[in-house]
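Asks: make a model of this:
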Amino acid sequence: MGNLKTPISKVASALLLRSEGLGLRATGRVLESHKGTIARWEKLFGDQKETLMLYSFCHEFVSLTFEGDELYTMVGKCTEPSDSKGWTAVIMERASRFIVDQRCGNKKTSLFRSVMKTVCKYVDRTKDLTFLSDGERRYGNMLFDLCSEVLKTGKAGRPPKTLPKGVKVRVKNKSDQKRKKGRKRPKYQATQREHPDTDQSLAKNEIHANHLEAQNAASRRRNSTFRRKTNTYAKTKHGLQRTLDVHQIIHNYVRPHWTTGKVPAVALGIMSEALSLESILTMQRAT
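Replies: So this is what the prediction gives:
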């Protein structure tokens, strides 16, 4: 709120309306503010994400289960999905519904690498980390490239690389692959070699991303840039990422989840109580 003359209650009201699915123009009409002003408030609020995420990066966890999935929307103009910058990779912790990271861009290796770098920060903070996705193998491949370690077996030859001890990656291939030529992929599989001492007690019925897919449906309702059958899509990639940052902060630290009944940050154990929009707006930014 530095150098802002607007009452903090009005800024909080604008963020609340935006988090409930109102567009920039509609929010501006309700609060009698310019859409550019509201976008600037969102940018300042979204900059607090780095400060708030330090709570989870510095916490020790016993076990974590992550789910990975993607959303799609238009950015700028209607193009082919393969050329669009409107793909959003989302990582969520299953039990607490805590959104670990969500970033937008082209559906390329760089997008998956950016979100998996955040997952790597949790590898050293927990003794049991499981990552699950539906069909997209690049999540596991990126995690292997970033966090793999050499397994010294004492035998001659080059030692193999494995995922760190305690880290599991499973993929559920949803397609039936009837038209695919050659060898068919199994329905459930590990994308990369895992450490031999990693606990493999993971039932097949637990390998899915259903919780994140339900969260993605809620994101389409609460974020106007993802709403279908309208033209309220994002104008730029930076504008889409701005709305994602605002949504992630409010989802993780302010609003109780409809399933667990708790704020995800409280359910994860990194905070004792929920934060208010006013307290986040007055929080000092990390340097």
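
Asks: need the next SSE after the longest helix along the chain, C-terminal direction.
Replies: Across the chain, the longest stretch assigned as helix under DSSP state H is helix 237-253. Past helix 237-253, heading to the C-terminal end, the next element that is a helix or strand (DSSP states H and E) is helix 264-268.

Asks: residues in contact with that following helix?
Replies: For helix 264-268, contacts defined as Cβ atoms under 8 Å, 6 or more residues apart in numbering pick out 52, 55-56, 59, 93, 95-99, 251-253, 257, 260, 271-275. In short, each C-beta sits where N, CA and C put it, glycine included.

Asks: which of those fall in helices?
Replies: Of the positions in those, L52, Y55, S56, H251, N252, Y253 sit in helices, assigned by DSSP H.

Asks: show me which of those are buried.
Replies: A residue is treated as buried here by neighbour count (16 or more other Cβ atoms under 10 Å); on that basis the buried members of these are L52, S56, H251, N252, Y253.

Asks: turn those residues into JSON lines, columns for pLDDT and distance to E32.
Replies: Output for these, formatted as JSON lines (pLDDT from 0 to 100; distance: Cβ to Cβ, whole Å):
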{"residue": "L52", "pLDDT": "91", "distance to E32": "30"}
{"residue": "S56", "pLDDT": "91", "distance to E32": "37"}
{"residue": "H251", "pLDDT": "95", "distance to E32": "27"}
{"residue": "N252", "pLDDT": "95", "distance to E32": "30"}
{"residue": "Y253", "pLDDT": "96", "distance to E32": "28"}
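
Asks: farthest-separated two in these?
Replies: Using Cβ to Cβ, the pair of these lying farthest apart is S56 and H251, separated by 13.4 Å.

Asks: mind checking pLDDT for K229?
Replies: K229 is assigned a predicted lDDT (pLDDT) of 57.

Asks: now swap in K180 and tell me
Replies: In this prediction, K180 carries a pLDDT score of 72.

Asks: contacts only, for it.
Replies: With contacts taken as Cβ under 8 Å, 6+ apart, K180 has no neighbouring residues.

Asks: which phi and psi does it have?
Replies: In this entry, K180 is assigned phi and psi values of phi -80, psi 130 (degrees, to the nearest 10).

Asks: can you give me the buried ones in the longest strand along the chain?
Replies: Secondary structure assigned by DSSP state E gives strand 64-72 as the longest strand of the chain. By neighbour count on 16+ other Cβ under 10 Å, the buried set for strand 64-72 is L64, T65, F66, E67, G68, D69, E70, L71.

Asks: any of the contacts of helix 264-268 buried? List them.
Replies: Neighbour counting over the contacts of helix 264-268 (16+ other Cβ under 10 Å) leaves 52, 56, 93, 96-99, 251-253, 257, 271, 274-275 as the buried ones.

Asks: which of those sits closest to R158?
Replies: Out of the buried ones among the contacts of helix 264-268, the member with the shortest distance to R158 (by Cβ to Cβ) is E93, at 35.5 Å.

Asks: any chance of CSV for the ones in helices among the contacts of helix 264-268, columns distance to A39?
Replies: Below are these laid out as CSV (distance: Cβ to Cβ, whole Å):
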residue, distance to A39
L52, 20
Y55, 27
S56, 27
H251, 20
N252, 21
Y253, 21
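
Asks: which two among those residues are spaced furthest apart?
Replies: Within those, two members stand farthest from each other by Cβ to Cβ: Y55 and H251, at 14.6 Å.

Asks: still on that earlier bit, and the buried ones among the ones in helices among the contacts of helix 264-268, which is closest to D199?
Replies: S56 (22.9 Å).

Asks: you'd agree the closest one is up against F98?
Replies: Yes. In this structure S56 lies within contact range of F98 using Cβ atoms under 8 Å: 7.3 Å.

Asks: related to what we said a few turns ago, using TSV, lay out the buried ones among the ones in helices among the contacts of helix 264-268 together with distance to T236.
Replies: Below are those laid out as TSV (distance: Cβ to Cβ, whole Å):
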residue	distance to T236
L52	24
S56	29
H251	22
N252	24
Y253	26
